[in-house]
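>>> Quick check, what structure comes out for this input:
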Amino acid sequence: MKTDTKKYKGLLEKELVLVESELETVASKNPDQKGDWEAKAGDIEVLESDENEVADKFEEFEGNRGIADKLEARLAEIKKALEKIEKGTYGICEKGGEPIEEKRLMANPAAATCMKHMKS
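Predicted coordinates for the structure are as follows:
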């Protein structure tokens, strides 16, 4: 089975744009470290004497950090899959070396393993 890399490259590139767009809503690119994102705390004006506002700002930052971490991980998976397309290794299970099922790639174009190895 030959994997249609052109189709999956298109899907991955669309998802890449979407994930980066979502990341920008909760995080900013770290200027000191390429590829790293830092969660945003929001635009709440905080007075040091107002503990509720400080708590709200901290809670927003924690929420953004969790979302940013998940989006950053997905972004890395997408970029890795795109690199595999360029190298000619896309669609091959990293664990067993067999082709990744079409059904799996349609569900997750950045999948690195076949269904047999997806939980191992």
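
>>> tell me the contacts of residue 94?
112-113, 117 (Cβ atoms under 8 Å, 6 or more residues apart in numbering). All C-beta atoms are positioned from the backbone trio N, CA, C, and that covers glycine.

>>> Among the residues you listed, name the buried ones.
112-113 (16 or more other Cβ atoms under 10 Å).

>>> Which one of the contacts of residue 94 is nearest to residue 63?
When the contacts of residue 94 are compared for distance to residue 63 (Cβ to Cβ), residue 112 wins out at 28.2 Å.

>>> out of everything not next to it in sequence, what's closest to the closest one?
Leaving aside its sequence neighbours, residue 112 sits nearest to residue 94 (Cβ to Cβ, 6 or more residues apart in numbering; 4.8 Å).

>>> residue nearest the centroid of the protein?
residue 74 (1.8 Å; Cα atoms, centre = their mean).

>>> Looks like it contacts residue 110 (just checking).
Yes. Residue 74 is within contact range of residue 110, at 7.5 Å (criterion: Cβ atoms under 8 Å).

>>> Dump the C-alpha coordinates for whatever helix or strand residue 103 lives in into PDB.
Assessed by DSSP states H and E, residue 103 sits inside helix 102-107. Below are the C-alpha coordinates for helix 102-107, written out as PDB (Å, rounded to 0.1, in the frame of the first residue of the first chain):
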ATOM      1  CA  GLU A 102      -5.400   4.600   6.000                       C
ATOM      2  CA  LYS A 103      -8.200   4.700   8.600                       C
ATOM      3  CA  ARG A 104      -5.700   5.700  11.300                       C
ATOM      4  CA  LEU A 105      -4.100   8.400   9.200                       C
ATOM      5  CA  MET A 106      -7.400   9.800   8.200                       C
ATOM      6  CA  ALA A 107      -8.300  10.100  11.900                       C
END
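
>>> Right, I'll leave it there.
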